[in-house]
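Asker: could you look at this predicted model? Sequence included:
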Amino acid sequence: MELEDINTVAVLGAGNMGHGIAEVAAMAGYEVALRDIKDEFVQNGYEQIEWSLNKLAEKDQLSQDDADAALERVTPLVDVEEAVGNADVIIEAVPEKMEIKKDVYGEVEEHAPDRAIFATNTSSLSITELADVTERPEQFCGMHFFNPPVRMQLVEVISGAESAEDTLDVIEELAEDFGKTPVRVHKDSPGFIVNRILVPLMNEASWLVSEDETTIAEVDSTTKYDMGLPMGSFELGDQVGNDVSYHVLEYMHEVLGDAYEPAPLLETKVENEELGKKTGKGFYDYE
Ligand code: CAA
């Protein structure tokens, strides 16, 4: 498939990442089918796209006409067949659990056109293992965006063991057409590049606080003001979603060993459903 052949993008999962990816694709002129398993989830994602596009227009980063046109290109859907039946590229952004993603690919494979490329926004899971549940591992790769997709420039394009060179090339071109900067990741290892570095950093911060070595405010002052990162470590955790970081760590712990064991503080946040900005409470309060 060539970039010119791509007209319709299906995004599976309308959460933090899914709605942001759908927004970026719609802003670049693609028709977008945004799908989630419940109407309330997909409507929530759609409303977040609307909020974000209007915010960009308010700040003159986009004209109001372009914002309205982008929103019109997004179709919120629950029916999976309708969502993927005419898609050229299917970007999956469902929760970061191997079994959930595998189930989704099983379902999608039944309805997706043969031409469609499958791209997963997984933050850490094996591309090869996910591709293996489909009948098109050569038309499968990682396309990993960062939160919030509309503001973050980088996209990791990750090769699975059987990803074809053509697939990787066209997904890189698509990322560029979305206005992003793709970086090819040749090795399908847990967390790829960014999360292999970033998530343990956030986890180490949680260990320090779990063990009463320091406080959240002290860590965030240090990471933000002294280390020069755009957000404090806990602030970033709330932005990414504590469940996402936790699932990434669980997987890295399982595959790579004890150095990646999630810290008790993070575990407690997940148990209490204090997942960050998206739930109104995480390490900080947002209400
Ligand atoms: N759409 C539109 N506007 C948005 C928005 C969105 N999705 N999200 C935030 N904004 C708006 C806010 O509402 C706020 O608006 P106001 O000024 O009107 O209040 C504004 O943007 C925030 O702007 P700021 O001036 O406070 O911040 P900034 O523009 O300088 O930078 C940022 C914001 C780009 C998010 C920056 O803080 C940053 O780069 N943070 C780090 C993010 C990061 O590292 N993400 C990667 C996480 S790792 C990951 O995602 C991978 C994974 O798999 C786990």
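Answerer: Sure, I can see it. Numbers count the residues shown, from 1 in each chain.
Asker: residue contacts, L154?
Answerer: Neighbour list for L154: 146, 180-183, 194 [criterion: C-beta atoms under 8 Å, 6 or more residues apart in numbering]. In short, each C-beta sits where N, CA and C put it, glycine included.
Asker: near the ligand, which residues of the stretch 51-200 of the chain show up?
Answerer: Taking C-beta under 6 Å from any ligand atom as the criterion, the neighbours of the ligand within the stretch 51-200 of the chain are 52, 55-56, 123, 146-148, 150-152, 195, 198.
Asker: domain ranges for this structure?
Answerer: What automatic domain parsing lists as the domains of the chain is 3-185, 195-279.
Asker: looking at these, which is buried most?
Answerer: Of all the domains of the chain, domain 3-185 has the most neighbours on average by mean count of other C-beta atoms under 10 Å, namely a mean of 20.
Asker: want to throw the domains of the chain into a markdown table with distance to Y286?
Answerer: Supplementary listing: the domains of the chain in a markdown table, determined by distance: least, C-beta to C-beta, whole Å:
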| stretch | distance to Y286 |
| --- | --- |
| domain 3-185 | 13 |
| domain 195-279 | 5 |
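Asker: I'd like these as CSV, with mean pLDDT and distance to D285 appended.
Answerer: Below are those laid out as CSV (pLDDT from 0 to 100; distance: least, C-beta to C-beta, whole Å):
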stretch, mean pLDDT, distance to D285
domain 3-185, 97, 18
domain 195-279, 96, 9
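Asker: indicate which one of those domains is closest to E287.
Answerer: E287 lies closest to domain 195-279 among the domains of the chain, at 9.7 Å (C-beta to C-beta).
Asker: looking at the residues of the stretch 51-200 of the chain next to the ligand, which one is closest to G15?
Answerer: Among those, N147 lies closest to G15 (C-beta to C-beta), at 10.2 Å.
Asker: can you pull the contacts of the nearest residue to that closest one once chain neighbours are set aside?
Answerer: With C-beta to C-beta, 6 or more residues apart in numbering as the criterion, N147 has its nearest non-adjacent residue at 5.3 Å, and that residue is V240. Neighbour list for V240: 147, 202, 276 [criterion: C-beta under 8 Å, 6+ apart].
Asker: tell me where the stretch 101-250 of the chain has helices.
Answerer: Ranges of helices within the stretch 101-250 of the chain are 127-131, 165-177, 194-210, 216-221, 233-240, 242-256, based on DSSP state H, counting those that start in this stretch.
Asker: SS state for the spatially closest residue to V11 that is not a sequence neighbour?
Answerer: Closest residue to V11 apart from its sequence neighbours, by C-beta to C-beta, 6+ apart: A22 at 4.3 Å. With DSSP: H, G, I helix; E, B strand; the rest coil as the basis, A22 sits in helix.
Asker: how about the one 10 residues further on?
Answerer: Remark: V32 carries the secondary structure label strand [criterion: three-state DSSP].
Asker: so who does it touch?
Answerer: Applying C-beta under 8 Å, 6+ apart, the residues near V32 are 8-11, 22, 25-26, 73-75.
Asker: try 10 Å
Answerer: The neighbours of V32, taking C-beta atoms under 10 Å, 6 or more residues apart in numbering as the test, are 8-11, 21-26, 49, 70-71, 73-76, 83, 87, 91.
Asker: just the strands from the protein, written as ranges.
Answerer: Taking DSSP state E as the criterion, the chain carries its strands at 8-12, 31-35, 74-77, 89-92, 117-120, 140-144, 154-158, 181-185.
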